[in-house]
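# Sequence first, then the predicted structure, then my questions.
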Amino acid sequence: MKEKLFIDTWGWIVIHNKREPRHGEINSFYRNFRVHGGGIYTTDYILDETLTLLFRRLPFSLAIEAMNVLNNAIDEGYINIEWITPQRFEKAKEFRLKFQDKPDISFTDLTSMVVMSEMKTLSILTDDDHFIHVGMGFKKWHGKA
């Protein structure tokens, strides 16, 4: 069974924005993971955030280029999109109530946790410690294979 990696908004931004401090390291890790046949997953909510931030932070032409790269990777099957269904949305609301002591977790992160739990995917490319603090066994990938 191939290894699964969930990529959060932070990961996509760092991969596509050369001005990010860890761009080279994370982009290299991502390419290496793809070459070795790992399964890459994300959600429609994460892509929503990613595209919003890319168009906000990059010149328009570079944001379009990044969007096209993402689209091509999806079309070619390198990236698997998990959609936030009404059932997943409801489960994320349950997580919101469960993690009341962690008010800084975004709703998008909660939806990601729902998907990752369902898929039994514990590895996530993120810089966000919320995934560790919820005690669900998630581990952050820091760009080192």
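Great, that's in hand.
# My reading is that I15 is in a strand; is that accurate?
No. Going by DSSP: H, G, I helix; E, B strand; the rest coil, the assignment for I15 is helix, not a strand.
# Could you count how many residues lie near it?
I15 is flanked by 23 other residues according to other C-beta atoms under 10 Å. All C-beta spots, glycine's among them, are computed from the backbone N, C-alpha and C.
# Just to check, it is in contact with S28?
No. Between I15 and S28 there is no contact under C-beta atoms under 8 Å: 9.9 Å.
# And S106, what's its pLDDT?
At S106, the pLDDT value in this model is 96.
# Give the other helices and strands that the longest helix anywhere in the chain contacts.
The single longest helix within the chain, with elements called by DSSP state H, is helix 60-75. Helix 60-75 sits against helix 9-16, helix 44-57, strand 79-82, with contacts defined as 3 or more C-beta pairs under 8 Å, 6 or more residues apart in numbering; DSSP states H and E.
# which other helices and strands contact the longest one?
I take that to be helix 44-57. Partner elements for helix 44-57 (3+ C-beta pairs under 8 Å, 6+ apart): helix 9-16, helix 60-75, strand 79-82, helix 107-119.
# got a list of contacts for it?
Residues from elsewhere that reach helix 44-57 (C-beta atoms under 8 Å, 6 or more residues apart in numbering): 7-9, 12-13, 16-17, 62-63, 66-67, 70, 81-84, 108, 111-112.
# tell me the angle of it relative to helix 107-119?
Per axes from the mean of the first three to the mean of the last three C-alpha atoms, to 10 degrees, the angle that helix 44-57 makes with helix 107-119 is 140 degrees.
# Could you check helix 44-57 and say which residues are buried?
45-47, 49-51, 53-54 (16 or more other C-beta atoms under 10 Å).
# quick one: low-confidence parts of this structure?
Scanning the chain with the threshold set as pLDDT under 70 gives 1, 142-145.
# picking up where we left off before, and of the buried residues of helix 44-57, the nearest to F99?
Among these, Y45 lies closest to F99 (C-beta to C-beta), at 17.1 Å.
# From N27, how far off is that closest one?
23 Å (C-beta to C-beta, to the nearest Å).
# And for V69?
11 Å.
# Can you name the residues that contact L62?
Going by C-beta under 8 Å, 6+ apart, L62 touches L54.
# how far away is it from W10?
On the measure of C-beta to C-beta, L62 and W10 end up 18 Å apart.
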